Structure formats: structure tokens, C-alpha cells
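Trainee: Give the three-dimensional model of this entry:
(chains A, B, C and D)
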Protein chains: 2
Amino acid sequence: MLTNRQLQILKVIVDDFILTAQPVGSRYISKKETVDFSPATIRNEMADLEEMGFLEKLHSSSGRAPSEKGYRFYVDHLLSPSTLSSREKNLIRESFGKKTLEFEQVVEKSAGILSDLTNYTSIILGPEVFETRLKQIQITPLSHEKAVAVLVTNTGHVEHRVFSTPLEIKATDLEKMVNILNERLKGVALIEVPERLNKEIFSLLKEHAEHFNDAFMYLRAALANDNSAKLYVGGKTNILMQPEFKDIDRIRSIMSMIEEEKDIASLLKTSDKGIQTMIGHENPFIALQHCSIITANYYFGNQQVGTLALLGPTRMEYNRVVTLVEELSRHMTETFREWY
Amino acid sequence: MLTNRQLQILKVIVDDFILTAQPVGSRYISKKETVDFSPATIRNEMADLEEMGFLEKLHSSSGRAPSEKGYRFYVDHLLSPSTLSSREKNLIRESFGKKTLEFEQVVEKSAGILSDLTNYTSIILGPEVFETRLKQIQITPLSHEKAVAVLVTNTGHVEHRVFSTPLEIKATDLEKMVNILNERLKGVALIEVPERLNKEIFSLLKEHAEHFNDAFMYLRAALANDNSAKLYVGGKTNILMQPEFKDIDRIRSIMSMIEEEKDIASLLKTSDKGIQTMIGHENPFIALQHCSIITANYYFGNQQVGTLALLGPTRMEYNRVVTLVEELSRHMTETFREWY
DNA sequence: TTTAGCACTCGGAACCAATGAGTGCTAACA
DNA sequence: TGTTAGCACTCATTGGTTCCGAGTGCTAAA
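Mentor: Below is the predicted model:
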């Protein structure tokens, strides 16, 4: 176990390294008001801390920087979650004060706030598709061979899909079709829609007219869900500001990973509930080996869950950032609750 | 005026510098099969070309690189537009072969192709808002206090806006409202919609029931157009690959400019018709001083016009890129024409 | 157990020389 | 008169050397 003095020194080093990105030396630590030991004493302790794996040297005569294990210990045991500054409070209150109506708006705004306040990159994963249910479907003809289906889900998400219609179909027929669809699909999970279409609804529609056959084909294609929960990213360029990412290659791999979306989405999807931190190599991607990710969940009603994440260097301002992420996920959850 | 030999040498230098990003020396040029002069002769010509402002030296004993004026001359007089390679043809044919139905799909696909084939960043500006006309409007209640308005424009663009509705409003009333709106707004330019709403439609709606007053307020807010034509960007990270952007600060300023959207949009909006090139400082933004931008227009029906652009370093593969941009704008125009 | 003192290590900056790619100029050549 | 060979010159790059300073580890004294 670590002695009190070791804890104190470790905390000072992590705090300072997070601030300056420079290795911390013994002399510097001993000058801190809160510290009362000579540099020599501190050097001894630092040597011990290094031996235990909490600290690292860049070269034999440099000061110490926290290792990943050091960050992990810091986050688990030494974190003193900061309270929000008035600037932070204001920005959040201001943004969530305005009444929002659409899921996308809330998410984009949250991503914006988070990346602006932290100078890191914020990522928000939409709610799991398999829990989203269809609330309403509306079909509107656009031309004699195109129509748009507007889907509204119980999460307040609205989306539209354009599809081809056979030339012969009539407006009244379309109306009938919509009625049947609404009757049969309301409350059905989005992911089950294609199956339902194939099973019961196909035969139902068939009874009405023969060109439903064609229309149905196209509609089915249009309603085929893409399954991928959407990613919203804020402050992509913030990574460029961090001194540890002076190296173009690192930036390139991180950027293209974010652009890919796929891996990031799967990473966030598998993260546990509550506030989580992944430090450096704790995530499986080489591109993110110098990054930390903080995740929190937000909720939609009771079960549906999305993920709010913040991506920064391992040298992240954990105390400030953790409260911010928590606070924002709370606000999001609350906003969505009010919609019901 | 330039002699034939000078033209030849200039062309070799630009071609080679575009390929290698390295200053070109006289010895190297004289070794080219197409060139029959000694290094000394070439040096003389290069000195003249430099004096005329077409070439630059990085330092007194380096080879020459094209100046912006050199690129400009090259583009205007020496360009031999390449024909598409079979790979390029295939990719384009494949993508445009599939039937697409929605404006966004076409645009996103085009941006993707362009950035993939060129390794530069592609930017597509949507059609000018002021020319887009409303084709149809549909309102669907979502809950007792929310409704979604779906707008369909003559460009095949579909979008939805969620707005609040007063509690008292009834489904039948809403239907009446939609009928009036459709009757009065069909074919009206999007940009004029708010004005029309205020003038004629307000009084019309008022005749029907008093809570239209409230509903109208919200609807008006929802239909207030944001005016900004949308930007679609492909291959944002491609800039990172270019050797001239090893410098983080350059990348940062370019990236954040793209992220901003505002300036880029205005830049593209003011570009002239047809294929245009802006080389280096020919554009007014310091962030883009080492970039070239190629733009082409695509058309929607007869008047409506959007812009397709490619952003890369001044050392751009102009001959390949120009044909690609042209070809893609042609394909887009054609696709949209087929929709009518 | 703590601390002062001292030798040691290593990165970074400054300086220097050697190298080589490339130029400009001059004089000879066709 | 236009072209070219030859040569002196320039300058970025590379590698080696030295110096400096920040910081460590170890030992011995308090």
C-alpha cells in the first residue's frame, strides 16, 4: 500500500503533469506550499513510486510523468471532482434552458457544449436501435414515381426515406396502405419492422390491389433499417491543440478512426454503465493508445440508453471533465424525460 | 512571350514538382527523354523563367519550383486534360449506375468518389436556397404538444422540422391548416415562405379557429429558413497526407475553416460558372494560401445551381483533377435531370 | 528517518566541418 | 549567335563535438 506521503506526491505529479505536459522534478515538488519535504526525500519516494509502476521517466535524468497505471490510480483514488465553474454552469443552463423538440438538436448541442468547455473531442452515440419503436409512419407521394416515408420513433427521432413507387398507384390506394401500416406497425421495435412487413403485412396489403406488390417491394427496401446507431462528434479539431499530438501520424490515425465511426461506435457500445474511464491501452485500438475516453450513459425513458463520450489525451483534466460529462448526461436524460 | 523551349521546360518542371513535391534541377530535366538540351542551356532558360515570375527557388542553390503565377500559366495554357483511367470510370459508373432517389444520397456519394479518387478534400455546396421551391408540406402530430412538418422541395430535397403545437388543437383542424398551406405555398420559393405566411396566410388561417393563432406562431418559427446552403465534405483527413502540410498550424487553420463552413460556403458561392481554379492567394483566406480550389457547377433543372469543389495543395494534380471534377458535375447534373 | 552534498546522466542548443545537389558565370565551340 | 563544358560558389543537410542545465541516485552526516 502507498503511504500518505506517496499519495500526496503522486497527486501533485499527476495534477502538475496534466497542467503542463512537462515531466515533474523533485525540486519543483518540494517548493509547493502543500509539500514540506526536501527534494532528496521526494526523490526517494519517486523512485519507489516508479518501482511500483505509477511513474515513468522519459530518460534517466528527466523528471517523472505518470504512467497509465498512475493515471488509473489517480482516477480511482485521488480524484477530487471539481464543481462546475460559473462559466460552465451558465453555458449549460443557457443551452438547456431553451426548449428543444428534436432528439438531434439536443444531442448536437450537448456535443458542442462538451467539446467547447473541455477542448477535447466529444462523441455521442445515439440510443440503441433495437430499443427504438416506431410511433408513426406517413407516406407522401413526391412525383408519379417517388414517395417519401416519414418515420417517427418514440425517442422523438424523425427520419424520412424516399422510395420508388410503381406508376399505377393511386393516392387513395396509398392512403389505405398507410392506414394498414400504421395500424400494424405502431409500437413495433424498428428492428422488427422488416420482419413484420414480410410476415403479416404483405398478405394484408395483397388483398387490396395487385400493384401493391410492387410498391411493397420498394417500401420494404426503404424501411430496411441500417442498424447503425448514429455518431455525433463535436470539436474534431480540438485534438490538434494538444501538445502530445504534434505528430501528424498520430493525428491521422485518430482522425480517420473518428471518421470511420464503426470502431468508435462499437467501443462506446460495449462500455459499461455509469461514468467510465478508459485510459491509454485500456482500449483495444492502437490509434487511441495515447488517448483516454470518458463515457457516461444517458437514458431515454427507462431502458433505452445512449452513450456520451469525451476523447482526449491520456493527460486529461480528469477532475473537471468527469463532472462535466456526468452533468451533461444528467441534463440529457432529464430533457428526454420531460418529453413524456 | 515564352519560347517553345521555355514552355516545354516549364511544363516539365510543373509536372515533376506536382508528382514529387521536390524542387527540380537542370540536370534532372536534361535527362528526360523529351528534352534534348544540356543542363547549362536549361539553367539559362530557368533563370529567365524565374525572372518572369513563373518559377521560384527555395534558396540560392536549390532547384526550381513553380510559383503561383507558374501554376496559373500551366493551368491556363499547358494543361493536357487527362482521360479517365478505367479505375476511375468504373468507380463512377458503378456509383451512378444504381438508381438514387434522394438529393443527399447523390451528393454524398459524389463527394465520396471525388475525395477517394483524388486524395484531396471534396466539398459540395447544395443548390442555392433562393431558387428552391416548396413542392409539398405535410404536418403530422407527434404528441399532444409536438408536431412535425415535412417539407419537400422541387430539388428532391426532403426535410422535416419539429415544432410545438398548442394543446387545444385538433387533428381535423390541423388537416385544414395543412390544406391551406399546401394550396397557398406550393411552388413558392423557400425563401419567400416566411413572408407569405405573414401576409396572406395568417389572415386566412385566422378565419378558421382562434388557436391557430398560437399554432401559427410555432409553425412560422419552424419554417423560418436558415438560408445557409448545406455543405457536404468528403475526405477531410486527406489533407493530412500532403507533405506540404506537415505543419500542424497550417492543418489546424484549414481544418477549422472547413469545420466553420461559413467562409467556405461564401467562397464557393461567389465562384464563377464553369470549371474554375483558384490557385494559392487567388482566394482571400490566409488559411488557404497554400491551397488550390477547383470548382464546377452542377445544375438542377435549368436555373438552380450548386457547386462542386475540390480542395488540395497548390501542388495539385490539375490535369487529372480537372477532368474528374468536370465529369462528376456532369454526372450529377444528368442524374438530377432524369428526375423530371 | 530525513537531508545535504556530490557525481553522474542525458536531452537540447550551439557550433563546426564535410558532403552533395544545384546554381551562375565565363569562355570555348559549332 | 546560340549552345555547352567547366568551374567557382551557395546553401541545406548530416554528423560529430562541446557545453549547459535540469534532474537523478547514492552516500554520509544530522
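Trainee: show me where the stretch 101-250 of chain A has helices.
Mentor: Taking DSSP state H, counting those that start in this stretch as the test, the helices found in the stretch 101-250 of chain A are A:103-118, A:171-185, A:193-196, A:202-206, A:212-223, A:248-260.
Trainee: Reformat those into CSV and put mean neighbour count and mean pLDDT next to each item.
Mentor: Every C-beta, even on glycine, is put in place using the N, C-alpha and C of the backbone. Putting those into CSV (neighbours: other C-beta atoms under 10 Å in any protein chain shown; pLDDT from 0 to 100) gives the following:
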stretch, mean neighbour count, mean pLDDT
helix A:103-118, 20, 94
helix A:171-185, 15, 84
helix A:193-196, 16, 84
helix A:202-206, 14, 75
helix A:212-223, 18, 74
helix A:248-260, 18, 93
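Trainee: Can you lay out the ones you listed as CSV showing distance to B:Ile293?
Mentor: Supplementary listing: these in CSV, determined by distance: least, C-beta to C-beta, whole Å:
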stretch, distance to B:Ile293
helix A:103-118, 28
helix A:171-185, 45
helix A:193-196, 43
helix A:202-206, 51
helix A:212-223, 36
helix A:248-260, 21
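Trainee: nearest to B:Gly187, of these?
Mentor: Within the helices of the stretch 101-250 of chain A, the stretch nearest B:Gly187 is helix A:171-185; the backing value is 19.1 Å (C-beta to C-beta).
Trainee: which stretch among the helices of the stretch 101-250 of chain A comes nearest DNA strand D?
Mentor: Closest approach to DNA strand D among these (C-beta to the nearest atom of the strand): helix A:248-260, 16.9 Å.
Trainee: Quick one: the strands in chain A, in order.
Mentor: A:55-57, A:64-66, A:121-125, A:134-143, A:146-153, A:158-164, A:231-234, A:276-279, A:291-300, A:304-313 (DSSP state E).
Trainee: so can I have a markdown table of the helices of the stretch 101-250 of chain A showing distance to DNA strand D?
Mentor: Listed next are the helices of the stretch 101-250 of chain A as a markdown table, based on distance: least, C-beta to the nearest atom of the strand, whole Å:
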| stretch | distance to DNA strand D |
| --- | --- |
| helix A:103-118 | 27 |
| helix A:171-185 | 66 |
| helix A:193-196 | 59 |
| helix A:202-206 | 69 |
| helix A:212-223 | 56 |
| helix A:248-260 | 17 |
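Trainee: contacting residues for the nearest residue to A:Gln303 once chain neighbours are set aside?
Mentor: With sequence-adjacent residues excluded and distances taken as C-beta to C-beta, 6 or more residues apart in numbering or on different chains, A:Gln303 is closest to A:Glu131, at 5.9 Å. Contact analysis of A:Glu131 by C-beta atoms under 8 Å, 6 or more residues apart in numbering or on different chains lists A:Ala189, A:Phe300, A:Gln303, A:Gln304, A:Val305.
Trainee: Could you find the lowest-pLDDT member of the residues you listed?
Mentor: Of all the contacts of A:Glu131, A:Gln303 carries the smallest pLDDT score, 70.
Trainee: From DNA strand D, how far out is it?
Mentor: According to C-beta to the nearest atom of the strand, to the nearest Å, A:Gln303 stands 51 Å off from DNA strand D.
Trainee: can you check A:Ala147 too?
Mentor: For A:Ala147, the distance to DNA strand D - C-beta to the nearest atom of the strand - is 61 Å.
Trainee: quick one on the thing from earlier: ok, the contacts of A:Glu131 vs A:Thr323, which is closest?
Mentor: Nearest to A:Thr323 among the contacts of A:Glu131, with distances taken as C-beta to C-beta, is A:Val305, at 20.6 Å.
Trainee: Look up which residues are beta-bridged to the closest one.
Mentor: Under DSSP bridges, the beta-bridge partners of A:Val305 are A:Tyr299.
Trainee: and of the strands of chain A, who's closest to DNA strand C?
Mentor: strand A:55-57 (8.9 Å).
Trainee: returning to that earlier point: looking at the strands of chain A, which is buried most?
Mentor: Comparing the strands of chain A by mean neighbour count (mean count of other C-beta atoms under 10 Å in any protein chain shown), strand A:121-125 ranks first with a mean of 26.
Trainee: wait, what's in contact with the nearest residue to A:Gly235 once chain neighbours are set aside?
Mentor: Nearest residue to A:Gly235, sequence neighbours excluded (C-beta to C-beta, 6+ apart): A:Ser115, at 2.6 Å. A:Ser115 makes contact with A:Thr121, A:Ser122, A:Gly234, A:Gly235, A:Asn238 under the criterion C-beta under 8 Å, 6+ apart.
Trainee: Repeat that for A:Glu102.
Mentor: A:Glu102 is in contact with A:Gly156, A:His157, A:Val158, B:Val162, counting by C-beta under 8 Å, 6+ apart.
Trainee: Give me every residue in chain A lying close to DNA strand D.
Mentor: Proximity of chain A to DNA strand D, by C-beta under 7 Å from any atom of the strand, involves residues A:23, A:25-28, A:39-40, A:43, A:46-47, A:50, A:57, A:60-64.
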